[in-house]
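Asker: Here you go, sequence then predicted model.
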Amino acid sequence: MAPGTFLFEAWQARQSLLSGLGVTMLSSALSIVMATVLGIAMGVVLTFGWWWLRLLARLYVDVMRGLPLLVLILFTYYGLALFGINVPAFWAGVIALGAFATAHVAENFRGAVQSVPAGQMEAAKAIGLTFGKRLTHVILPQAVRRMLPPWVNTALEIVKGTTLLSIIGVVELLLSAQQAMARNYMIIDFYLLTAALYVAINFTLAQLGATLERRYSYLRY
Amino acid sequence: MNEPALLQAREVRKTFGQIEVLKGIDLTVQQGQVVSLIGASGSGKTTFLRCINLLEEHDGGEILLDGDPVGYTLSGTRRKRLSETKISAQRARLGMVFQQFNLFPHLSAIDNVMLGLTKVQGKGHSEAKDIAQHWLGRVGLAERAGHYPYQLSGGQQQRVAIARAVAMQPRLLLFDEVTSALDPELVAEVLGVMQGLAESGITMLLVSHEMMFVRDVSNHVVFLDQGKVAEAGPPSEIFGNPQNDRLKSFLGRFHGLFGRG
Amino acid sequence: MIDYHFDWSVIARNSGKLGDALLLGLWLAVVSLLIGCVIGLLAAYARVSGKKWLSAPVWAYVEFIRCTPLLLLIFFLYFGLPEFDISFLDKTQSFVLSLSLYAGAYMCEVFRAGLASIPKQYVEAAKAIGMRPWQRQVYVVLPVMFRITLPSIGNNLISLFKDTSLAAAIAVPELTFTARQINANTFRVMEVWLTASALYLASAYLIAMVLRLLERRYASIR
């Protein structure tokens, strides 16, 4: 392996690439967890809340889904600083990504829950279950199959969306690769390497989703 | 040498996977005749009709349209499959009306009729429009020319489909159980149109479960049973003096219809 | 955080610039969608062709694009193509190429589903009146598929419009780039980003309205 060959340069850059990959994975994971928890909560509000609460949630969801993710990230980044909230770019990005994905999870949750036949809720009421129990024991187990494909899609979008953090200076995978290119000028090779890493992550994620979906395929209505 | 029959089928065979659906069908349709195929479902009537129009390809025997083999040419004794263009040209000589109407959903009634006239026969727009208008009038739908299929009842859709087929002036019109998908109260309007066409001398080959209609309009009736012609003859013979046991029991189901209960 | 004083004059002063930027974004989205539709249609036919050597590369293309960040694709074409001595594209054209390739993969899936959903009876009816294979596609299959997939095409247009914000990364002067520039020059953070957000939202809403009208116009398929 001589200097100037792809393998050599990739080996040279391994530290920064791996750390970039770590940042990508971490920011994705944090955003996805945040979006799943908050999204389901907001989905409950969106489906079962009082009308004014529903309206607020609807407004949030529609605004988030109508804005480009990059605008959201930039707005959060500059906006938080403006109000003296001094968070690193990484956290500004995670908050923006999470807030964005929350809206998508909430909307998918609503769609999935409403696809469960109304008779199920009535039957659960009829045997005297409380609202929380109706939801966790009757509705959600049935809705989960409908929720999974869009949830995996959202997760995929998040992983891809973390590249936008490079624009506010977070050294995630894409930016770390670009920094390596600035040293070795192996533009094609390093972009392809980076793309391969993203494809590996996302393809695995998509396969995982497909497996989970099959696992729940006994739920049909 | 005799003028060849308009349609001549000899020993037509067709197999789907393991199942032999047609086991050698012979049938002749002369110019101006109305020939009906009757039989229980699964007897191969529809498959046979679809073979004539090359929506299915028969794998044995021959089907001759005006003396030309349908779907292939003969070089010596070897069959050579026709090109898609030639097959399309053969289909254009036949008209077909389907059980499910199959109107083009994105076109109005008159555009449905005009599509074949302009794109297949290459007629000009105004000529095609006149022809389409004429035939929509003949099926009693002149006022509905601008309606889309979803705006028409099943009976009206089927009448448009008939206009679409007959406007092409086919040598032979094929009808595949065209009233089976209709609500009972809409059957009569479609049969009425078909009767009118039969009386005007258009050659027709139809598959139908409407026994009264078959008896009244046909020159020749063919009873198919398990992929074979079990009995054939003029309607008076088939309905008045059936010989085949399976035909007798088949007709028995319709007995009340003929007022001889 | 309370004592932020809004000064909207910065928006008024830059309104022309912002308007041009918005129109550029819309234009980029529409052009990319059109090219993407052509790519997607060819790709969809290749996918349903039943020929492995045609469908396998298209499958790889679609999966690759779906798993790759758009920003990476944009950088790759913008910085990578000149390495292959392909340098006749300026940054806007390079971006359109990226977004079109991206859209093509998504449209391929839309059209593939559309083609699969067309009842075969329509094709049989077209055969029965003697249409040739290409005529059946042009006069029956494609018009029906277009109507079936119109809502999905519309959603893709809105997505692509939002994606044009990534052109900012290679300094194409669309809305996000322009907003960021004004932000950097004036530090009127709230005014600038609220305006940009409002413009994006209003445009997306407007596109949705137009599409709703179009769908009604073509609502002949139930």
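Answerer: In hand now; what should we look at?

Asker: buried sites along the host helix or strand of residue C:58?
Answerer: Element membership of residue C:58 [criterion: DSSP states H and E] is helix C:52-67. Buried residues in helix C:52-67, counted by 16 or more other Cβ atoms under 10 Å in any protein chain shown: C:55, C:58, C:61-62, C:64-67. Yep, even glycine has a C-beta here, placed from its N, CA and C like the rest.

Asker: What are the buried residues along the lengthiest helix in chain C?
Answerer: Ordering each helix of chain C by length in residues (DSSP state H) puts helix C:15-48 first. Applying a neighbour-count criterion of 16+ other Cβ under 10 Å, one finds C:18, C:21-22, C:24-26, C:28-29, C:31-33, C:35-37, C:39-41, C:43-47 buried in helix C:15-48.

Asker: gap between the helix or strand that the helix holding residue C:58 is followed by and the chain center?
Answerer: For helix C:52-67, the following helix or strand on the C-terminal side (DSSP H and E) is helix C:70-75. Helix C:70-75 sits 15 Å away from the centroid of its parent chain (Cα atoms, centre = their mean, to the nearest Å).

Asker: May I have helix C:70-75 exported as PDB, CA atoms only?
Answerer: Taking Å, rounded to 0.1, in the frame of the first residue of the first chain, the C-alpha atoms of helix C:70-75 are listed here in PDB:
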ATOM      1  CA  LEU C  70     -29.400  13.600  -1.400                       C
ATOM      2  CA  LEU C  71     -26.700  15.900  -0.200                       C
ATOM      3  CA  LEU C  72     -24.000  13.300  -0.900                       C
ATOM      4  CA  LEU C  73     -25.400  12.900  -4.400                       C
ATOM      5  CA  ILE C  74     -25.300  16.600  -5.000                       C
ATOM      6  CA  PHE C  75     -21.700  16.900  -3.800                       C
END
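
Asker: Which residue ranges of chain C form helices?
Answerer: Going by DSSP H, chain C shows helices at C:9-13, C:15-48, C:52-67, C:70-75, C:91-117, C:120-128, C:133-135, C:142-163, C:175-186, C:189-217.

Asker: Then chain A?
Answerer: Secondary structure of chain A, counting by DSSP H: helices at A:6-12, A:14-48, A:51-66, A:69-82, A:89-115, A:118-126, A:131-133, A:140-161, A:173-184, A:187-215.

Asker: Check the stretch 1-150 of chain B too.
Answerer: B:45-52, B:84-92, B:109-119, B:125-138 (DSSP state H, counting those that start in this stretch).

Asker: among the ones you listed, which is nearest chain C?
Answerer: When the helices of the stretch 1-150 of chain B are compared by Cβ to the nearest Cβ, helix B:84-92 sits nearest chain C, at 2.6 Å.

Asker: buried residues in the closest one?
Answerer: Using 16+ other Cβ under 10 Å as the test for burial, helix B:84-92 gives B:87-88, B:90-92.

Asker: Residue B:182 - nearest residue in space that isn't next to it in sequence?
Answerer: Nearest residue to residue B:182, sequence neighbours excluded (Cβ to Cβ, 6 or more residues apart in numbering or on different chains): residue B:154, at 4.9 Å.

Asker: Could you tell me how many residues sit around the one you found?
Answerer: When neighbours are counted by other Cβ atoms under 10 Å in any protein chain shown, residue B:154 registers 17.

Asker: pLDDT score assigned to the residue of chain A found nearest chain B?
Answerer: Going by Cβ to the nearest Cβ, chain B is nearest to residue A:115 of chain A, at 25.8 Å. Listed pLDDT for residue A:115 reads 87.

Asker: you'd agree it is up against residue A:143?
Answerer: Yes. Counting by Cβ atoms under 8 Å, residue A:115 touches residue A:143, with 7.1 Å between them.

Asker: Tell me which of these two has more neighbours.
Answerer: Taking other Cβ under 10 Å, residue A:115 and residue A:143 do not tie; residue A:143 has more neighbours (24 against 13).

Asker: do you know how far the more buried one is from residue C:68?
Answerer: Residue A:143 sits 31 Å away from residue C:68, taking Cβ to Cβ, to the nearest Å as the criterion.

Asker: Spell out which residues of chain C are next to chain A.
Answerer: Neighbours of chain A within chain C, by Cβ under 8 Å from any Cβ of the partner chain: C:1, C:4, C:63-64, C:66-72, C:75-76, C:79-80, C:83-84, C:162-166, C:168-169, C:176, C:179-180, C:183, C:189-190, C:193, C:196-197, C:200-201, C:204-205.

Asker: Pull up the residues of chain A that are close to chain C.
Answerer: Residues of chain A lying near chain C (Cβ under 8 Å from any Cβ): A:63, A:66-71, A:74-75, A:78-79, A:82-85, A:156, A:159-164, A:166-167, A:174, A:178, A:181, A:187-188, A:191-192, A:194-195, A:198-199, A:201-203, A:206.

Asker: Quick one, which of these are buried?
Answerer: Buried members of these, scored by 16+ other Cβ under 10 Å, are A:66-71, A:74-75, A:78-79, A:156, A:159-164, A:166-167, A:174, A:178, A:181, A:187, A:191, A:194-195, A:198-199, A:201-202, A:206.

Asker: can you tell me which residues contact the spatially most central residue of chain C?
Answerer: By Cα atoms, centre = their mean, chain C has its centre lying nearest to residue C:160, at 3.5 Å. Residue C:160 makes contact with C:29, C:32-33, C:36, C:99, C:102-103 under the criterion Cβ atoms under 8 Å, 6 or more residues apart in numbering or on different chains.

Asker: Where does the prediction get shaky in chain C?
Answerer: Residues of chain C that meet the criterion pLDDT under 70 lie in C:1-2, C:220-222.

Asker: Please report the number of neighbouring residues for the closest residue to chain A within the stretch 1-150 of chain B.
Answerer: Nearest residue of the stretch 1-150 of chain B to chain A, counting by Cβ to the nearest Cβ: residue B:150, 25.8 Å away. Residue B:150 has 12 neighbours, counted by other Cβ under 10 Å.
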